[in-house]
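# this one's structure only:
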């Protein structure tokens, strides 16, 4: 009884090995096998012993090709400043158009314009990546608008949509794109000529897929050369079009109807929305006019000796009972308290600077000729201090000398630029130069 049990056990083992050999050396498997033809086992072979089956299995395992070691690929981390594509050296930003701040869950990024594209910086003002250059037929950058999904870049003769650093859609235009505004996946583009302007609505889709798309939803032409747009806080599908030679109008871009014309205002050249709803701030040379849009009522005005270049409002927990309004002119930065309508502090800075507040934080980003500064407000009434800055040449570079890890440029400043990391850049000159 014990002998028959052992015999059945050996017979089952032989059958298992034979079936395993047939599976491993089936016609589909033999096509991959690189061993000699003498070791192939055909269906007519009769080898029932365990020794022959074991030798066949060992021959098959020895004739199989050796496994290849996986090739190591470099870790091209997009957040690394060393492997970032096309890192700009010495070029920080243009003075115009204004930069765009993209808010994320717990941080933010800066999208700053360059002559033929844009670059993205982290809160430490270190570059993350630079975009691909625009097609030459489109000209230079005239406006920029960024969201968490894509970036729209307006040019002299067209509009490009980017996803990260690559262009996925291009629309040619006859006139320069002077202003861009976004409402989620909907973008507004304003092109301006000498006597007219055109407002075009674009709709973007499939931004998370590999094939994003953009299409034109509507187009409206106006007889006045409008140059900028303002979206009043709390208004849906409505914007205010601003022109220096014509009164501003409230326009519904979904129904394509002009709702109201503000005819009681002086010539306006720019405007900004305020945190409270139904209120907009208009700039006319050095005068700021705060207007109630719903009632068409002028609330109050703020006067400056020189023309206003930008207006921003602090919206963070550190303002307390104050309502700081940040105004930049040719003389510098002026901080107003809107509740008392008095000046709380001033800060001198160069001309052609734009200031943008970071929503939810006591920070503001100052943008000038090839310079970016992160300003920190320690107090609602004290002037801000420079927390971080990134600076390059404000004029043409006169000489370039290569070093081991970078090069030295001589213009109005003597600057050493590192090829390894932007954190190693340094300025050797003292002051503003000659």
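Okay, I see it. Predicted model, so just to flag it, every value in this text is computed and none were measured. Residues are numbered from 1 along each chain as shown.
# buried sites along the helix or strand harbouring residue 344?
Taking DSSP states H and E as the criterion, residue 344 maps to strand 342-348. Neighbour counts over strand 342-348 (16 or more other Cβ atoms under 10 Å) mark 344-345, 347 as buried. C-betas here are computed from N, CA, C, even on glycine.
# what's the answer for stretch 381-396, then?
Quick answer for stretch 381-396 (16+ other Cβ under 10 Å): 383-384, 390-394.
# ok, now stretch 134-149?
So for stretch 134-149, counting by 16+ other Cβ under 10 Å, buried means 134, 138-147.
# any idea which of those residues is closest to residue 264?
Nearest to residue 264 among the buried residues of stretch 134-149, counting by Cβ to Cβ, is residue 143 at 29.0 Å.
# partners of the host helix or strand of residue 241, with directions?
Element membership of residue 241, judged by DSSP H and E, is strand 238-243. Its sheet considered, strand 238-243 pairs with strand 228-230 (antiparallel), strand 246-252 (antiparallel) by DSSP bridges.
# any idea how far the first one is from the middle of the chain?
Once both centres are worked out by Cα atoms, centre = their mean, to the nearest Å, strand 228-230 turns out to sit 21 Å from its chain's centre.
# now the strands for the stretch 301-434 of the chain?
308-313, 324-329, 332-337, 342-348, 354-358, 363-368, 371-376, 385-391, 399-402, 406-410, 414-418, 426-427 (DSSP state E, counting those that start in this stretch).
# give the burial count for the residue nearest to residue 222 when sequence neighbours are not counted, as a bare number.
Leaving aside its chain neighbours, residue 222 sits nearest to residue 197 (5.1 Å; criterion: Cβ to Cβ, 6 or more residues apart in numbering). Using other Cβ atoms under 10 Å, residue 197 is surrounded by 22 other residues.
# contact partners for residue 197?
Neighbouring residues of residue 197 by Cβ atoms under 8 Å, 6 or more residues apart in numbering: 175, 178, 190-191, 221-222, 224-227, 241, 243.
# any idea what it is bridged to?
residue 192, residue 222.
# give me the low-pLDDT residue ranges for the stretch 301-434 of the chain?
Along the stretch 301-434 of the chain, the model assigns pLDDT under 70 to residues 350-352, 394-398, 403-413, 419-423, 428-434.
# switch the cut-off to 90
Residues of the stretch 301-434 of the chain that meet the criterion pLDDT under 90 lie in 306, 314-324, 329-332, 339, 347-353, 359-361, 368-371, 378-383, 389-434.
# still on that earlier bit, and the furthest pair within the buried residues of stretch 134-149?
139 and 147 (23.4 Å).
# and the contacts of residue 197, which is closest to residue 294?
Using Cβ to Cβ, residue 241 is the member of the contacts of residue 197 that sits closest to residue 294, with 17.6 Å.
# burial measure for the closest residue to residue 331 other than its chain neighbours, as a count.
Distances taken as Cβ to Cβ, 6+ apart place residue 306 nearest to residue 331, at 5.6 Å, with adjacent residues excluded. For residue 306, the count of nearby residues is 12 (other Cβ under 10 Å).
# how near is residue 306 to residue 291?
Per Cβ to Cβ, to the nearest Å, residue 306 is found 22 Å from residue 291.
# what does residue 253 give?
20 Å.
# just residue 182 next, same as before
Residue 182 is 24 Å from residue 291, by Cβ to Cβ.
# the more surrounded of these two?
Legend: neighbour count by other Cβ under 10 Å for residue 182 and residue 291, higher for residue 291 (26 against 19).
# if we can go back for a sec, pick the most buried one from the strands paired with strand 238-243.
strand 228-230 (a mean of 21; mean count of other Cβ atoms under 10 Å).
# residue 228 contacts residue 179, correct?
Yes - the criterion here is Cβ atoms under 8 Å, and residue 228 meets it with residue 179 at 4.9 Å.
# so the residue nearest to residue 331 touches residue 287, yeah?
No - applying Cβ under 8 Å, one finds residue 306 not in contact with residue 287, separated by 11.1 Å.
# mind checking how far residue 319 is from residue 344?
For residue 319 relative to residue 344 (Cβ to Cβ), the value is 11 Å.
# again, but for residue 301
According to Cβ to Cβ, residue 301 stands 18 Å off from residue 344.
# so what strands line up beside the helix or strand containing residue 162?
Here residue 162 sits within strand 158-163, counting by DSSP H and E. Strand pairing for strand 158-163, determined by DSSP bridges: strand 151-155 (antiparallel), strand 166-172 (antiparallel).
# what average pLDDT does the first one get?
To tie it back to what came earlier, the one meant is strand 151-155. The average pLDDT within strand 151-155 is 96.
# so what pLDDT did residue 87 get?
pLDDT at residue 87 comes out at 55.
# the spatially most central residue of the chain: helix or strand, and which one exactly?
The residue lying closest to the centre of the chain (Cα atoms, centre = their mean) is residue 111, at 4.7 Å. Residue 111 is located in strand 108-114, with elements delineated by DSSP H and E.
# tell me, how many neighbours does residue 300 end up with?
10.
# next one: the one 3 residues further on
By other Cβ under 10 Å, 8 other residues sit near residue 303.
# before we move on, what about residue 317?
Look at residue 317: counted by other Cβ under 10 Å, it has 8 neighbours.
# and the gap between it and residue 300?
26 Å.
# what do you get for residue 322?
16 Å.
# list the residues that contact residue 99.
Going by Cβ under 8 Å, 6+ apart, residue 99 touches 93, 110-113, 144, 354, 356, 365, 367, 372.
# in JSON lines: those, plus distance to residue 103.
Conversion of these to JSON lines gives the following (distance: Cβ to Cβ, whole Å):
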{"residue": "93", "distance to residue 103": "19"}
{"residue": "110", "distance to residue 103": "11"}
{"residue": "111", "distance to residue 103": "12"}
{"residue": "112", "distance to residue 103": "16"}
{"residue": "113", "distance to residue 103": "19"}
{"residue": "144", "distance to residue 103": "16"}
{"residue": "354", "distance to residue 103": "18"}
{"residue": "356", "distance to residue 103": "12"}
{"residue": "365", "distance to residue 103": "13"}
{"residue": "367", "distance to residue 103": "17"}
{"residue": "372", "distance to residue 103": "18"}
